[in-house]
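# Sequence and computational prediction follow.
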Amino acid sequence: MTTQAEPKLSVRNLWKIYGTNPKRLVSGDFQTMTHAERLEHARENRHFVAAADINFDIYEGQIFVIMGLSGSGKSTVLRAISRLDEPTAGQVFFDGTDLMAASPKELTELRRRKMGMVFQSFGLLPHLDVLDNVAFPLRAQGQPRDKRLARAREMIELVGLDGKEHSYPHQLSGGQQQRVGIARSLAVEPELWFLDEPFSALDPLIRSQMQDEFLRLQKQLHKTIVFVTHDFLEALKLADKICIMKDGEIVQIGTPADIVLRPANDYVMEFIGDVPLAHVLRAGDVMSPPWTDGETHPTVPRDAILEEAIKLFDDSTETVDVTDEHGKILGSLHPLEVIRSLYHDDPEHAH
């Protein structure tokens, strides 16, 4: 993942309000009110706030997961930032351009050439085979047939569906259909990729395989991704950054380790309750500064999960060093710190 000075996507003061006249509701005094007053004002005027004052930045190559229970506003935010639904107020900057100021024509061009979208329902065209389904958005761009089919074949191979080019959607399993949806959205080489609960219709085993596949693709493609899910374990597995939402508001934004080790409130704590932390936290998340005692210690890479690191502690090992990809020591792990991190930094459990 690369970070840079300028975000690829920047969301500022985004509101999505439903009711008889949301635009009038957010004009005038709305701008000078406090956040709580704005919510109260909307309620008094019988409007429903689906997304309230949303702010975040996403950098190139980052997987940004918006997570929350049903009705939390996560899909609303995704649809508002892509302008599938018009936001009531706020700004969305994509590469510095305000999408809110884009004309319908400019927006259509952006969607065709720079954005990819995958939804929970696969949305495949039943009368087209896999090859033509994947090539379909390129047809909308007006690309010549041989060029678009060559690109579609590349994408089909990328998602592991070689040999299925001439199958129709009804001949494919749910997991295969979702792969076709992913291949189709990647065909346009999007700079920004929106995925709304793409794996939630799949059974658990296929879902886990699709998550692994998704991470494999991202290693190759380095897309900037907004991914929506209600599944906390999925968010922890996929995200560089997680944004947790409740009742239309952001509760916490952080890396998976931030959220697991420093939950913002009881609502976030509830998600963490059943998480097998030894499978989620990595050595680099809980290491302390390098421990120098003149001894040579066993080492683990910084992205090793704690479960692997824990196996290195035995009767004679009190310290495990954490290294970068070049073998340089970045920090050390000690048994007590590891145990504390596995119990949410709760001192009562750490003794």
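Looks like it arrived, so ask away. Note that the coordinates shown come from a computational prediction; the quantities given were computed from them, not determined experimentally.
# how about the strands of the chain, start to end?
Under the criterion DSSP state E, strands of the chain are mapped to 9-18, 48-58, 63-67, 89-94, 97-98, 115-119, 192-196, 224-229, 241-246, 249-254, 299-301, 320-323, 329-333.
# Contacts made by the longest one with the rest, please.
The set of residues that contact strand 48-58 without belonging to it, under C-beta atoms under 8 Å, 6 or more residues apart in numbering, is 7-19, 35, 38-39, 42-43, 64, 73, 76-77, 80, 87, 90, 224, 226, 241, 243, 248-250, 253. From N, CA and C alone the C-beta is placed, and that goes for glycine too.
# what is the mean pLDDT for it?
Averaging pLDDT along strand 48-58 gives 96.
# For it, output the C-alpha coordinates as PDB.
Once side chains and other backbone atoms are set aside, the C-alpha atoms of strand 48-58 remain, and they are given as PDB (Å, rounded to 0.1, in the frame of the first residue of the first chain):
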ATOM      1  CA  PHE A  48     -34.500  11.000   8.200                       C
ATOM      2  CA  VAL A  49     -30.700  11.400   8.400                       C
ATOM      3  CA  ALA A  50     -29.100   8.400   6.600                       C
ATOM      4  CA  ALA A  51     -25.600   9.800   6.700                       C
ATOM      5  CA  ALA A  52     -24.500  12.700   9.000                       C
ATOM      6  CA  ASP A  53     -21.400  14.800   8.400                       C
ATOM      7  CA  ILE A  54     -19.200  12.100   6.900                       C
ATOM      8  CA  ASN A  55     -15.500  12.900   6.600                       C
ATOM      9  CA  PHE A  56     -12.600  10.700   5.500                       C
ATOM     10  CA  ASP A  57      -9.600  10.500   3.100                       C
ATOM     11  CA  ILE A  58      -8.600   7.400   1.000                       C
END
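# any idea of the angle it forms with strand 192-196?
140 degrees (axes from the mean of the first three to the mean of the last three C-alpha atoms, to 10 degrees).
# Turn the strands of the chain into CSV, columns for distance to Arg153.
Written out in CSV, the entries for these read as follows (distance: least, C-beta to C-beta, whole Å):
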stretch, distance to Arg153
strand 9-18, 30
strand 48-58, 31
strand 63-67, 26
strand 89-94, 29
strand 97-98, 33
strand 115-119, 18
strand 192-196, 20
strand 224-229, 24
strand 241-246, 34
strand 249-254, 39
strand 299-301, 36
strand 320-323, 41
strand 329-333, 43
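# Return the member of the ones you listed having the minimum mean pLDDT.
The weakest mean pLDDT among those belongs to strand 115-119, with a mean of 87.
# From one end of stretch 319-337 to the other, what's the distance?
Separation of the first and last residues of stretch 319-337 by C-alpha to C-alpha, to the nearest Å is 11 Å.
# List the buried residues for it?
The neighbour-count criterion (16 or more other C-beta atoms under 10 Å) identifies 319-323, 331-334 as the buried residues of stretch 319-337.
# Between which two of those is the distance greatest?
Spatially, the most separated pair among the buried residues of stretch 319-337 is Thr323 and His334, at 16.1 Å (C-beta to C-beta).
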